[in-house]
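*Asks:* Kindly generate the corresponding structure for this input.
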Amino acid sequence: MLAPKVLMIGVLFGCSCLGCKVRIRAGSYEDENRAAVAALETLHQRLNSGDFEAIFASTSDPLRSQPKEELIKAMQATRDRWGKLNSAEVKARSCFPNQVRFLVEAHFEKGEAGEMVVFHVADEKALLEHFQTFPGPLEVPPDASNECRSTR
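*Replies:* I've put the predicted structure just below:
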């Protein structure tokens, strides 16, 4: 008698969800990584040009919920402290469902620094979720990341 009850519960649940929007997204960490790498390049170009409004416009909701003036002021302070970016190299990357994290070795006009950059990736679009610059050089321990090799 347990089987008919389980079946009935399943049918009722299924019928109640007919109006629900269920979205299953097939993808891979490699796809999300590709979108985040492009977003990282765009972020660096915008930092160099001082286009902080465009950076703010491409942030994820949690970051965008911060006061805009404070975020733009922090971006300006970073630019003032380090100057323009001369070169950047991703030293480690880790992918999680809908998130890519980078550790970047960055060479600025005013010195060497490390960057921790996190992007939220959905629908092949990467939005900035976290950005932090700290004095370098950047030392990354071996096996510190999953290098976005696993697929979902």
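*Asks:* gap between the two ends of stretch 54-74?
*Replies:* End-to-end distance for stretch 54-74: 14 Å, by Cα to Cα, to the nearest Å.
*Asks:* Report the distance from that stretch to the chain centre.
*Replies:* 14 Å (Cα atoms, centre = their mean, to the nearest Å).
*Asks:* Below-threshold pLDDT in the protein: ranges please.
*Replies:* 1-27, 150-152 (pLDDT under 70).
*Asks:* Have a look at it and report its longest helix.
*Replies:* Ranked by residue count, the top helix of the chain under DSSP state H comes out as helix 29-49.
*Asks:* Show me which positions of that helix end up buried.
*Replies:* If you call a residue buried by 16 or more other Cβ atoms under 10 Å, then helix 29-49 has these buried ones: 29, 31-37, 39-40, 42-44, 46-47. The C-beta positions use only the backbone N, C-alpha and C, and glycine is treated the same way.
*Asks:* quick one: which of those is nearest Asp123?
*Replies:* Ala35 (9.2 Å; Cβ to Cβ).
*Asks:* So the closest one sits against Lys125, correct?
*Replies:* Yes: using Cβ atoms under 8 Å, Ala35 is in contact with Lys125, at 6.5 Å.
*Asks:* residues contacting the spatially most central residue of the chain?
*Replies:* By Cα atoms, centre = their mean, the chain has its centre lying nearest to Phe119, at 0.7 Å. Taking Cβ atoms under 8 Å, 6 or more residues apart in numbering, we find Phe119 in contact with 35-36, 39-40, 60, 99-102, 126-129.
*Asks:* can you redo those as JSON lines with distance to Arg149?
*Replies:* Shown next, in JSON lines, are these (distance: Cβ to Cβ, whole Å):
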{"residue": "Ala35", "distance to Arg149": "16"}
{"residue": "Ala36", "distance to Arg149": "15"}
{"residue": "Ala39", "distance to Arg149": "20"}
{"residue": "Leu40", "distance to Arg149": "18"}
{"residue": "Ser60", "distance to Arg149": "24"}
{"residue": "Gln99", "distance to Arg149": "15"}
{"residue": "Val100", "distance to Arg149": "13"}
{"residue": "Arg101", "distance to Arg149": "14"}
{"residue": "Phe102", "distance to Arg149": "15"}
{"residue": "Ala126", "distance to Arg149": "18"}
{"residue": "Leu127", "distance to Arg149": "23"}
{"residue": "Leu128", "distance to Arg149": "23"}
{"residue": "Glu129", "distance to Arg149": "21"}
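*Asks:* Fine by me, we can end here.
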